[in-house]
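Trainee: curious how this folds, go ahead:
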Amino acid sequence: MDLGITGKVALVTAASKGLGRAVAEELAAEGAHLVLCARHDDTLQQTCADIRAATGARVLGVAADVANPADVARLVQAALAEFGQVDILVTNAGGPPAGTFAQHDAAAWDAATRLLLTSVVELTRAVLPGMQARGWGRILNITSIAVKQPVAGLLLSNSLRAAVTGMARTLANEVAASGITVNCILPGYTRTERVEHLAAAAATREGISAEQATERWTSEIPMRRLGEPREFAALAAFLCSERASYITGTSTAVDGGWVRGLF
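Mentor: Next up is the predicted model:
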């Protein structure tokens, strides 16, 4: 299937590893040019080199912390200087610390808000006018399955990713007539470093091993296994494509059936 994004410019954040990297690889394989960011430049530049070698895509890597508005502005400026436009925005960020309400002070809430919510607002604000002027754009927010079924011990993530969902759903209606889609994609338990860290946190909290925590999660998933980043990335690339032109305002789970609800 030709996704119709050859030559489109995609900006993907937190893209040096995990889900962000998998999405970047899939978009590059479909012919998109890439602007990737992550906080650690050495890992980021290696990822860029790997994707160039595998796909022949043009890839720009910019070290940036999306929780810092100045870094967001610099990132988008670099993208525009290199490619002239951003057609596809994929927002992604590593999760905030695990913990309960009692364990998070005001500083933790502020840091998590800047990482998970304000970053999405600032990135969207920076690229949206160009999309509107061209009459085409794709905004895809990587959030979490927790927006459908909150995960115990992840209060900050549960709360702020839900806020992103509300913002995205509202924005989708505001910009739909301009040929821009806005969607969220919800990863469940997927084989990434983030899930490894969550397993370690659960082990400490509950007095079990990380392996036992992972086994419990997989026992709750009808497919009885963790997801793979490439499985997630396949849907992400489709939602960023011309083929998905009539899909907007959605929050789609990639969770192996973990959420038991109807919607």
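
Trainee: and residue 114, how far is that from residue 154?
Mentor: 18 Å (C-beta to C-beta, to the nearest Å). All C-beta spots, glycine's among them, are computed from the backbone N, C-alpha and C.

Trainee: low pLDDT regions in the stretch 151-263 of the chain?
Mentor: Low-confidence segments of the stretch 151-263 of the chain, defined by pLDDT under 70, are absent.

Trainee: show me the helices in it, by range?
Mentor: Applying DSSP state H, counting those that start in this stretch to the stretch 151-263 of the chain gives helices spanning 155-175, 193-206, 210-220, 229-239.

Trainee: next, the buried residues of the first one.
Mentor: Yep, that's helix 155-175 we're talking about. Within helix 155-175, the residues scored as buried using 16 or more other C-beta atoms under 10 Å are 155-165, 167-169, 171-172, 175.

Trainee: minimum distance to residue 118: which of the helices of the stretch 151-263 of the chain has it?
Mentor: Closest to residue 118 of the helices of the stretch 151-263 of the chain is helix 155-175 (C-beta to C-beta; 9.5 Å).

Trainee: ok, residues contacting that closest one?
Mentor: By C-beta atoms under 8 Å, 6 or more residues apart in numbering, the surrounding residues in contact with helix 155-175 are 91, 95-97, 99-101, 104, 108-109, 112-113, 116-117, 120-121, 124, 128, 131-132, 137, 139, 141, 143-144, 146-147, 150-151, 181-184, 248-249, 251.

Trainee: how does it look with 6 Å?
Mentor: Applying C-beta atoms under 6 Å, 6 or more residues apart in numbering, the set of residues contacting helix 155-175 from outside is 95-96, 100-101, 112, 116-117, 120, 141, 143-144, 146-147, 150, 182, 184, 248-249, 251.
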